[in-house]
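Student: I would like the atomic coordinates for the input below:
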Amino acid sequence: MNSTSAGSVKFSIIVPTHGRPSQLAACLEALSRLDYPRAQFEVIVVDDGSPIPVAADQGPMAVTVLRQAHAGPAVARNTGAARARGEFLAFTDDDCAPARDWLARLANRFADRPDHLLGGAVVNALPDNPYSAASQQLAGYLYTYYNADPNRARFFTSNNMAVATKLFREVGAFDTTSPRAAAEDRELCDRWQYSGRPMTYAPEAVVHHAHVLTLGNFCRQHFNYGRGAHYFHVTRAQRGRGPIRVEPWRFYKNLLRYPFTMSHPQALRQSGLMLLSQVANALGFFWERATARR
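Tutor: Residues are numbered from 1 along each chain as shown. Predicted coordinates:
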């Protein structure tokens with residue numbers, strides 16, 4: 001357990017993990033270098049049923065480690081949030097390394113927007129891996145599309161998201177309908193807006209994402225995103241948010257053009273991978289829908 005005293009904690013950093021000790025160690029190393037008063041934040045690692053349990057003394061600083069049977073990252077984040085003592089929750093993943101000023105930047109935003117859901121920028125830390133680069137570039141395009149007005153943002157990924165602890169609990173935490181890392185962040189953002197609460201994009205709060213991908217697990221990742229999208233649309237319909245709405249054709253046209261607008265050195269290959277991601281996503285969606293009907 002860390003030494004932060006009750007009542008003095010500003011941030012609770014929640015890190016779900018499952019069987020990735022080297023990535024977790026790098027994440028904790030980055031968190032230990034945060035340029036923020038150590039007494040004002042705690043780190044909660046939620047071990048989601050790792051084959052080798054996470055040690056409480058892993059990494060350069062003491063952390064609170066919670067263990068649960070393998071249930072997926074959404075459940076793990078909720079487990080951490082339920083035990084958090086901080087005024088605000090800051091979510092990241094075990095394969096992420098927040099910048100030194102990450103918490104300070106979030107604190108500056110919360111100073112005048114304590115009731116907002118905040119999302120920071122996520123930067124690919126593996127530029128030489130084409131699949132990691134393409135997957136992160138897709139997320140970058142979604143941020144450009146959904147968060148064109150930073151003060152009226154609509155979508156954040158859960159590896160760089162922050163919110164007041166009280167409001168997170170009031171809105172109902174992450175949805176755990178889907179057992180996979182899929183659309184729980186998208187669903188939370190939609191439910192947050194449905195409740196009339198504001199969202200703000202804070203690109204100055206940066207997290208570096210080092211998700212090693214091959215062609216096979218790139219396709220599997222986006223297939224699972226499609227599966228999660230099915231759960232998202234079912235949940236959304238249950239709130240009376242209407243039927244599935246497909247984005248206009250220009251959304252997909254601009255998606256394929258996005259690597260060229262970013263002057264990526266392998267823009268043609270990246271555009272092809274973006275197309276592949278959408279095919280895998282659609283297959284996952286319809287596969288899950290057919291499975292649910294059966």
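Student: secondary structure of residue 143: a helix, I assume?
Tutor: Yes: counting by DSSP: H, G, I helix; E, B strand; the rest coil, residue 143 is part of a helix.
Student: which stretches of the stretch 1-150 of the chain have low pLDDT?
Tutor: Low-confidence segments of the stretch 1-150 of the chain (pLDDT under 70): 1-7, 56-60.
Student: and residue 195, how many neighbours?
Tutor: Using other C-beta atoms under 10 Å, residue 195 has 12 neighbouring residues. The C-beta positions use only the backbone N, C-alpha and C, and glycine is treated the same way.
Student: now the closest residue to it other than its chain neighbours: how far from residue 183?
Tutor: Spatial nearest neighbour of residue 195, excluding adjacent residues (C-beta to C-beta, 6 or more residues apart in numbering): residue 171 at 5.8 Å. Noted for residue 171: a distance of 16 Å to residue 183, by C-beta to C-beta, to the nearest Å.
Student: quick one: contacts for the residue nearest to residue 195?
Tutor: 188, 191-192, 195, 197 (C-beta atoms under 8 Å, 6 or more residues apart in numbering).
Student: just the ones in helices from these, please.
Tutor: 188, 191-192 (DSSP state H).
Student: identify, from those residues, the entry nearest to residue 218.
Tutor: The nearest member of these to residue 218, counting by C-beta to C-beta, is residue 188 at 24.5 Å.
Student: and the closest residue in space to the closest one that isn't next to it in sequence, its phi and psi?
Tutor: Leaving aside its sequence neighbours, residue 188 sits nearest to residue 174 (C-beta to C-beta, 6+ apart; 5.6 Å). Taking degrees, to the nearest 10, you get phi -80, psi 140 for the backbone angles of residue 174.
Student: thought residue 74 was touching residue 174, still the case?
Tutor: Yes: the criterion here is C-beta atoms under 8 Å, and residue 174 meets it with residue 74 at 4.2 Å.
Student: more neighbours: which of those two?
Tutor: Higher neighbour count among residue 174 and residue 74: residue 74, with 27 against 23, using other C-beta under 10 Å.
Student: ranges for the helices of the chain?
Tutor: Going by DSSP H, the chain shows helices at 21-32, 73-83, 102-112, 130-146, 165-171, 184-194, 215-238, 249-261, 267-293.
Student: just put those helices in JSON lines and tack on distance to residue 14.
Tutor: Shown next, in JSON lines, are those (distance: least, C-beta to C-beta, whole Å):
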{"stretch": "helix 21-32", "distance to residue 14": "11"}
{"stretch": "helix 73-83", "distance to residue 14": "4"}
{"stretch": "helix 102-112", "distance to residue 14": "13"}
{"stretch": "helix 130-146", "distance to residue 14": "20"}
{"stretch": "helix 165-171", "distance to residue 14": "10"}
{"stretch": "helix 184-194", "distance to residue 14": "13"}
{"stretch": "helix 215-238", "distance to residue 14": "20"}
{"stretch": "helix 249-261", "distance to residue 14": "30"}
{"stretch": "helix 267-293", "distance to residue 14": "27"}
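Student: returning to that earlier point: intersection of neighbour lists for residue 174 and residue 74?
Tutor: residue 184.
Student: coming back round to it: ok, of the ones in helices among the contacts of residue 171, which one's closest to residue 16?
Tutor: residue 188 (14.4 Å).
Student: contacting residues for that closest one?
Tutor: Applying C-beta under 8 Å, 6+ apart, the residues near residue 188 are 158, 171, 173-175.
Student: and the two most separated of these?
Tutor: Using C-beta to C-beta, these span at most 14.2 Å, a distance reached by 158 and 171.
Student: could you find the closest non-adjacent residue to residue 273?
Tutor: residue 134 is the one closest to residue 273 (C-beta to C-beta, 6+ apart), at 3.7 Å.
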